[in-house]
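J.: Pasted the sequence and its predicted model underneath.
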Amino acid sequence: MAENTLDTAGYPEAFLRVRVSYADAHYGGGLVAGAKIMEYFGDVATELCIKHDGDEGLFASYDMVEFKKPVFAGDFLEIRGRITKVGNRSRKVELEAYKVIQSEYDKGPSKASVLPEPVLVARAAGTVVVPKGRES
């Protein structure tokens with residue numbers, strides 16, 4: 001598929017803020033599995049496809065996924081995404097997840113702190129596709 005090399009400034013961006021639930025803790029100490037962050041990445045990619053094509057699209061592949069820092073139940077995450085290239089039916093996307101509020105249950109059952117700067121916890125790049133006839 002031929003890729004469009006237009007300036008990405010015209011492509012949509014998407015943003016999601018979420019509090020990670022205790023139900024999402026998978027490991028000891030409230031540690032959350034990376035698969036949960038991948039789910040958030042999928043949600044942001046869906047929004048990107050809707051904004052660009054009016055269709056939810058489907059994730060076809062991940063080219064790269066990196067988990068940089070642990071995520072725990074009670075943390076607040078911001079997931080950011082953008083389309084970087086557009087083909088006939090494919091859209092290259094880049095996604096990042098940042099921790100913006102950190103749970104501090106060791107200090108009390110409802111303790112948390114706003115981080116002075118967002119902390120990159122994961123990033124990914126991949127390809128989403130939209131059905132034939134739905135592309136913009």
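T.: Here it is on my side, so go on. Numbering: from 1, shown residues only.
J.: What ranges in the protein fall below the confidence cut-off?
T.: The model of the chain has pLDDT under 70 over residues 1-9, 133-136.
J.: Now do the strands in this structure.
T.: 13-19, 25-27, 31-32, 58-67, 76-86, 90-103, 112-129 (DSSP state E).
J.: now the fourth one against strand 112-129, angle please.
T.: Right, strand 58-67. 140 degrees (axes from the mean of the first three to the mean of the last three CA atoms, to 10 degrees).
J.: contact partners of strand 58-67?
T.: 34, 37-38, 42, 45, 90, 121-130 (CB atoms under 8 Å, 6 or more residues apart in numbering). Where you see a C-beta, it was placed from the backbone N, CA and C, and this is true even at glycine.
J.: Can you list the buried residues in stretch 49-69?
T.: Cys49, His52, Asp53, Asp55, Gly57, Phe59 (16 or more other CB atoms under 10 Å).
J.: so can I have TSV of those residues showing distance to Asp24?
T.: As requested, the buried residues of stretch 49-69 are exported to TSV (distance: CB to CB, whole Å):
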residue	distance to Asp24
Cys49	24
His52	29
Asp53	30
Asp55	28
Gly57	24
Phe59	20
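J.: Show only the entries of those found in helices.
T.: Cys49, His52, Asp53 (DSSP state H).
J.: For Leu77, state which of these is nearest.
T.: Cys49 (20.9 Å; CB to CB).
J.: Now the closest one. Nearest residue, chain neighbours left out?
T.: Gly57 (3.2 Å; CB to CB, 6 or more residues apart in numbering).
J.: Quickly note the distance from the one you found to Leu31.
T.: 31 Å (CB to CB, to the nearest Å).
J.: repeat for Lys92
T.: For Lys92, the distance to Leu31 - CB to CB - is 31 Å.
J.: which residues touch Leu16?
T.: Tyr40, Asp43, Val44, Glu47, Glu78, Ile79.
J.: If Ala122 is in a bridge, with which residues?
T.: Beta bridges link Ala122 to Phe67, Ala97, judged by DSSP bridges.
J.: number of nearby residues for it?
T.: By other CB atoms under 10 Å, the residues close to Ala122 number 23.
J.: what's near enough to touch Val32?
T.: By CB under 8 Å, 6+ apart, the contact list for Val32 reads Val20, Asp24, Ala25, His26, Pro70, Val71, Phe72, Ala73, Asp75.
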